[in-house]
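**Student:** only geometry, no sequence info:
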């Protein structure tokens with residue numbers, strides 16, 4: 001598998017919008033960027049064109065508009081970013097990363113419940129894998 005180019009902060013925002021909402025025109029991407037900064041159409045267009053050259057995006061023609069879509073999967077981009085963040089900032093300790101996220105994010109009761117379920121699901125899957133490996137080794 002080809003190594004994915006690490007996107008800049010703005011490129012990461014573009015990818016997150018396209019992963020979440022699907023293919024979009026330049027204007028739609030401009031309006032959907034989560035940081036809310038005002039940018040010129042030509043600025044966003046240039047970023048999309050650079051991302052296309054990097055192999056992160058592609059486009060199709062729809063009348064006069066170019067519709068951009070990601071060529072990379074979210075996991076391909078986020079996995080190395082999250083690994084580096086976890087290792088370089090939190091010394092490899094996932095609990096510290098989660099603690100920091102909970103302290104800094106506005107997490108409501110519903111999202112906390114989703115996190116609990118994810119942890120329980122991960123714990124259950126880890127125990128099943130451990131038990132399977134232990135039985136296989138007998």
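**Tutor:** Right, received. Where do you want to start? The model shown is predicted, which means the values in this text are computed figures rather than measured ones. Numbers count the residues shown, from 1 in each chain.

**Student:** residue 76: which element?
**Tutor:** helix 74-90 (DSSP states H and E).

**Student:** which residues does that helix contact?
**Tutor:** 1, 4, 6-7, 12, 15, 19, 56, 92-94, 96-97, 100 (CB atoms under 8 Å, 6 or more residues apart in numbering). For glycine as for every other residue, the C-beta is placed from the backbone atoms N, C-alpha and C.

**Student:** apply 10 Å and report the result again.
**Tutor:** With contacts defined as CB atoms under 10 Å, 6 or more residues apart in numbering, helix 74-90 is touched by 1-7, 11-12, 15-16, 18-20, 56, 70, 73, 92-94, 96-100.

**Student:** strands of the protein, residue ranges please.
**Tutor:** 24-25, 57-62, 65-70 (DSSP state E).

**Student:** mean pLDDT and mean neighbour count for those - can I get that in CSV?
**Tutor:** Below are the strands of the chain laid out as CSV (pLDDT from 0 to 100; neighbours: other CB atoms under 10 Å):
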stretch, mean pLDDT, mean neighbour count
strand 24-25, 98, 18
strand 57-62, 96, 14
strand 65-70, 97, 18
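
**Student:** of the ones you listed, which is nearest residue 121?
**Tutor:** strand 65-70 (26.8 Å; CB to CB).

**Student:** which strands and helices sit next to that closest one?
**Tutor:** Helices and strands touching strand 65-70, by 3 or more CB pairs under 10 Å, 6 or more residues apart in numbering; DSSP states H and E, are helix 9-21, strand 24-25, helix 26-32, helix 41-53, strand 57-62.

**Student:** what about residue 54, neighbour count?
**Tutor:** Residue 54 has 16 neighbouring residues, counting by other CB atoms under 10 Å.

**Student:** no no, residue 50
**Tutor:** The burial count for residue 50: 15, using other CB under 10 Å.

**Student:** nearest spatial neighbour of it, skipping sequence neighbours?
**Tutor:** Residue nearest to residue 50 in three dimensions, not counting chain neighbours: residue 11, with 7.8 Å by CB to CB, 6 or more residues apart in numbering.
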